[in-house]
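K.L.:
sequence first, then the predicted structure:
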Amino acid sequence: MMEKNIKLEATMDNFKVVSKFVDDLISGNVVDELIHDQIIVAVEEIYVNVAHYAYGQLDENGDSIPDSGTGPVEVIVSDENRVVTITFIDSGIMYNPLEKPDPDVTKPPSERQIGGYGIFMVKKTMDNMTYKYEDDHNILSFSKKY
């Protein structure tokens, strides 16, 4: 089993660092280019959500104001039995994206609500996705067999 982690400030400036970290670890193992690309896109979707919303100040409705705060994020990559698992841990606002209903993709684009498509795409392309809130931390993981 291989497991590596990186801890850094959850800012958009650090996205390239996280992307390269994950890419370097999975490139030698994940043979299928499609699976590799799906994992990298999923990392981007989750990381961007953390960077934009996890540490945001709250508006009058209790929703996070994008890019209004920052804090630490840890990204853990593990590879065991041909399954890559990526885990994101942050101490931002408690938020379980898996509780949000999937967008209705059968509606015409003009009638669709904005938002929610990134998480929907990750749920559809990864084999498993879990969330828990533990010790004041959001812990979101997804995995993909290769």
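P.N.:
Received the coordinates, thanks.

K.L.:
make it CA atoms for all contacts and neighbour counts henceforth
P.N.:
Noted.

K.L.:
give me the most central residue, the protein.
P.N.:
Geometric centre of the chain, nearest residue: I46, 1.9 Å, by Cα atoms, centre = their mean.

K.L.:
find the residue closest to Y95 in space, skipping its chain neighbours.
P.N.:
Leaving aside its sequence neighbours, Y95 sits nearest to N138 (Cα to Cα, 6 or more residues apart in numbering; 7.0 Å).

K.L.:
does that neighbour really touch P97, like I thought?
P.N.:
No: using Cα atoms under 8 Å, N138 makes no contact with P97, being 10.3 Å away.

K.L.:
of those two, who's got more company?
P.N.:
N138 (22 against 16; other Cα atoms under 10 Å).

K.L.:
residues contacting I35?
P.N.:
Neighbouring residues of I35 by Cα atoms under 8 Å, 6 or more residues apart in numbering: K144, Y146.

K.L.:
and it, what element?
P.N.:
With elements taken from DSSP states H and E, the one containing I35 is helix 33-49.

K.L.:
mind listing what's buried along that helix?
P.N.:
For helix 33-49, a neighbour-count test (16 or more other Cα atoms under 10 Å) marks 35-36, 38-49 as buried.

K.L.:
please apply the same query to stretch 137-145.
P.N.:
H137, N138, I139, L140, S141, F142, S143, K144.

K.L.:
confirm the residue nearest to Y95 sits in a helix?
P.N.:
No: in this structure, N138 is strand, not part of a helix, as judged by DSSP: H, G, I helix; E, B strand; the rest coil.
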